[in-house]
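**Student:** Here you go, sequence then predicted model.
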Amino acid sequence: MSWIVPREHERRRFLASAGGLGTVALTALEQWSRPVVAGMPDPREPFAPRRPDHEPRARSVIFLFLMGGPSSVDTFDYKPLLQQLHGQKVPDGIRQAVEGSRHANVFHGCKEELYGSPFAFRRVGELGIEVSELFPQTAGVVDELCFIHSLQAESNNHAPASYQLHTGDVRPGKASLGSWVTYGLGTENQDLPGYVALFDVGPLGGAANYSNGFLPPAYQPTRLRDRGVPVLDLATPEPFSASRRATLDLVGRMNARHRESRTSAELEARIATYELAYRMQSSAPEAGDLSAETEATQAEYGVNDPEERTASFARKCLLARRLVERGVRFVQVYDMPDKDGWDAHGDLVGNHVPRARWTDRATAALIRDLKQRGLLDSTLVIWASEFGRTPMMQGENGRQHNAAGFTIWMAGGGVQGCQRIGATDEIGLMAVEQPIPFRNLHATILDALGLDWTALSYEVNGRQERLAGVAGTAEPIPGVLR
């Protein structure tokens with residue numbers, strides 16, 4: 001029996017049904033390591049590894065995003081004066097400075113009294129950095145961390161600030177950090193996605209936080225599950241396995257013929273995705289098999305913790321390590337087990353205590369594990385949220401959003417650990433020493449990966465779009481990278 005190529009509308013219907021198998025490909029399984037190429041991405045091979053602009057310090061990124069805004073003054077930015085002024089008003093000098101800035105709205109919704117941290121701090125590490133009792137495990141790896149205490153967002157609302165952290169813009173529709181990185185560098189393992197997202201409940205603002213935006217569709221993330229089969233319906237159903245090769249070859253010829261008559265980023269992405277789906281049939285289950293890890297490693301992360309939210313975040317962190325170990329370029333891990341996140345408008349203690357417990361152990365284990373395996377030097381780890389929280393009280397012992405000054409930390413991937421950069425004022429309200437916009441954080445990340453943050457761009461409607469904003473407006477944060 002000979003195959004007849006269907007007409008255009010019949011072809012689309014056939015592809016829709018064939019694509020549902022998740023197995024369509026044009027090439028056979030191949031080695032995951034590919035030669036590094038120079039220049040712009042070839043749309044026919046969007047995932048091919050590309051040569052960076054300069055010598056990279058990091059080869060991959062694990063971004064731990066804590067949705068909702070952990071309070072800096074209750075975690076890593078201890079303020080003795082805030083403790084002394086508990087219950088009193090914000091000092092006039094600090095209030096006037098903030099009211100004269102673009103962050104004046106930080107006072108909205110707050111009470112006229114300061115709220116000293118209910119948590120104890122202790123000095124740890126070589127520098128005696130103060131770390132809250134909320135993070136006893138993270139305190140044990142503090143010498144690997146670079147704390148940035150003076151980050152600022154342009155919005156005091158969750159979704160816009162989250163968009164800006166992820167994409168460089170407070171408006172949805174732009175390309176995410178992970179998409180930019182894979183667009184610029186490709187990925188080292190052609191059998192796994194270059195950009196992976198791990199989450200239970202997605203971030204506030206939805207997929208616009210992690211999508212490819214205006215970049216070609218090939219650079220959208222692949223969501224993997226941290227439990228069971230990483231990708232549902234990836235394996236070929238048994239009744240179709242015998243004819244799989246013939247089906248793949250036919251669809252390959254049809255796509256190649258269709259490609260000859262037009263240029264389509266969507267078609268190229270579809271072809272690349274089909275190829276990847278085929279190769280992932282063996283590689284994804286292997287990468288996601290956490291049972292292959294030793295019992296000691298699983299215990300260190302907390303994979304089998306009786307509290308499911310602790311175990312869930314542990315699985316995500318361990319899977320992230322397994323992915324970068326296998327050449328995945330960018331892994332986005334969302335700590336968002338429910339709709340609230342770290343958004344402690346009331347009952348700060350009731351919100352932060354369990355969330356720190358769910359994340360602290362696995363976060364520290366990730367740093368230790370990467371270092372033990374020789375991967376920390378090549379893996380940039382980022383711990384961040386869209387903003388912090390006010391030192392003033394809100395509601396019943398809660399805190400309001402604070403985009404005026406907050407803390408994140410970075411480790412590995414060329415980062416100089418055991419240091420603190422920037423500072424907020426004496427009560428932790430606004431950045432006063434080396435205020436840092438998100439675009440400088442993005443420039444730092446791209447620089448660590450060997451990418452020129454001014455040259456990495458994509459033309460949209462005649463305008464060159466960049467993650468780090470208009471050329472010349474961003475620079476890497478001084479002192480972060482070795």
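**Tutor:** Perfect, thanks for sending it. Everything numeric in this text was worked out from a predicted model, so none of it was measured.
**Student:** the bottom helix or strand of this protein by mean pLDDT?
**Tutor:** helix 8-19 (a mean of 39; mean pLDDT, DSSP states H and E).
**Student:** wait, Gly125 sits on Val142?
**Tutor:** Yes - shown here, Gly125 and Val142 form a contact pair, counting by CB atoms under 8 Å, at 4.0 Å. Placement of C-beta: from N, CA and C, glycine included.
**Student:** intersection of neighbour lists for the two?
**Tutor:** Shared contacts of Gly125 and Val142, defined by CB atoms under 8 Å, 6 or more residues apart in numbering, comprise Cys418.
**Student:** more crowded one of those two?
**Tutor:** Val142 (25 against 17; other CB atoms under 10 Å).
**Student:** How much space separates the more buried one from Ala411?
**Tutor:** 10 Å (CB to CB, to the nearest Å).
**Student:** Let me see the mean pLDDT of stretch 314-325.
**Tutor:** If you average the pLDDT over stretch 314-325, you get 97.
**Student:** what's the closest non-adjacent residue to His345?
**Tutor:** Gly398 (4.5 Å; CB to CB, 6 or more residues apart in numbering).
**Student:** which residues does that neighbour bridge with?
**Tutor:** Gln394 (DSSP bridges).
**Student:** so how many other residues sit close to it?
**Tutor:** 23.
**Student:** go on, Asn461?
**Tutor:** 6.
**Student:** where does the protein dip in pLDDT?
**Tutor:** Across the chain, the ranges flagged by pLDDT under 70 are 1-35, 37-39, 231-245, 248, 252, 256, 259-283.
**Student:** Please repeat the previous calculation with a cut-off of 90.
**Tutor:** 1-48, 189-191, 200-204, 225-288, 336-340 (pLDDT under 90).
**Student:** Quick check: Ser179 is in a strand.
**Tutor:** No - checked against DSSP: H, G, I helix; E, B strand; the rest coil, Ser179 lies outside a strand; its state is helix.
**Student:** Pull out the buried residues from the host helix or strand of His352.
**Tutor:** Under the criterion of DSSP states H and E, His352 resides in helix 348-372. Within helix 348-372, the residues that count as buried by 16 or more other CB atoms under 10 Å are 348, 351-352, 355-371.
**Student:** again with stretch 81-100
**Tutor:** So stretch 81-100, judged by 16+ other CB under 10 Å, has buried residues Leu82, Leu85, Val90, Pro91, Ile94, Ala97, Val98.
**Student:** Present the residues you listed as TSV; the columns should include distance to Phe147.
**Tutor:** Supplementary listing: those in TSV, determined by distance: CB to CB, whole Å:
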residue	distance to Phe147
Leu82	17
Leu85	23
Val90	24
Pro91	24
Ile94	21
Ala97	23
Val98	22
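**Student:** ok, so of those residues, who is nearest Arg326?
**Tutor:** Leu82 (44.7 Å; CB to CB).
**Student:** Distance check, that closest one against Ser71.
**Tutor:** Taking CB to CB, one finds Leu82 at 11 Å from Ser71.
**Student:** same deal with Val470?
**Tutor:** 32 Å.
**Student:** quick one, which of these two is more surrounded?
**Tutor:** Comparing Val470 with Ser71 by other CB under 10 Å, the one with more neighbours is Ser71, at 29 against 12.
**Student:** excluding its backbone neighbours, what's nearest the more buried one?
**Tutor:** Arg389 (3.8 Å).
**Student:** can you give me phi and psi for the one you found?
**Tutor:** Main-chain dihedrals, Arg389, degrees, to the nearest 10: phi -140, psi 160.
**Student:** List the residues that contact Gly412.
**Tutor:** Counting by CB under 8 Å, 6+ apart, Gly412 touches Ala58, Glu144, Ile367, Leu370, Lys371, Leu375, Leu376, Asp377, Ser378, Thr379, Leu380, Val381.
**Student:** and what of Gly450?
**Tutor:** Pro52, Asp53, His54, Glu55, Pro56, Arg57, Leu185.
**Student:** Scan those and report the most crowded one.
**Tutor:** Leu185 leads the contacts of Gly450 on contacts (other CB under 10 Å) with 28 neighbours.
**Student:** tell me which element Glu445 is part of?
**Tutor:** Careful, residue 445 is Ile; it's not Glu. Per DSSP H and E: Ile445 is located in helix 438-448.
**Student:** can you give me how far that helix is from the chain middle?
**Tutor:** Distance of helix 438-448 from its chain centroid, counting by CA atoms, centre = their mean, to the nearest Å, is 13 Å.
**Student:** Can you point out the buried residues in the helix or strand just after that helix?
**Tutor:** Per DSSP H and E, the first helix or strand lying C-terminal to helix 438-448 is strand 458-460. Within strand 458-460, the residues that count as buried by 16+ other CB under 10 Å are Tyr458.
**Student:** Output the contacting helices and strands for strand 458-460.
**Tutor:** strand 463-465 (3 or more CB pairs under 8 Å, 6 or more residues apart in numbering; DSSP states H and E).
**Student:** Paired strands for the strand it packs on, with orientation please.
**Tutor:** Paired strands of strand 463-465, with direction, are strand 458-460 (antiparallel) (DSSP bridges).
**Student:** Report the distance from the strand it pairs with to the chain centre.
**Tutor:** Counting by CA atoms, centre = their mean, strand 458-460 is centred 23 Å from the centre of its parent chain.
**Student:** What of stretch 156-176?
**Tutor:** 13 Å.
**Student:** Now do the helices in this structure.
**Tutor:** 8-19, 80-84, 92-99, 136-139, 158-167, 177-185, 238-241, 244-260, 265-287, 295-301, 308-325, 348-372, 438-448 (DSSP state H).
**Student:** if you compare those, which one is most tucked away?
**Tutor:** Highest mean neighbour count of those: helix 177-185, a mean of 27 (counted as mean count of other CB atoms under 10 Å).
**Student:** Which residues outside it are in contact with it?
**Tutor:** 41, 47, 49-50, 52, 61, 63, 166-167, 175, 194-195, 197, 210-213, 215-216, 219-221, 329-330, 332, 442, 445-446, 449-451, 456, 458, 467.
**Student:** residues contacting the nearest residue to Asp305 once chain neighbours are set aside?
**Tutor:** Once flanking residues are discounted, Asp305 sits nearest to Ala311: 4.5 Å by CB to CB, 6+ apart. By CB under 8 Å, 6+ apart, the residues touching Ala311 are Gly302, Val303, Asn304, Asp305.
**Student:** Could you pick out the buried ones from the residues you listed?
**Tutor:** Buried among those by 16+ other CB under 10 Å: Gly302, Val303, Asp305.
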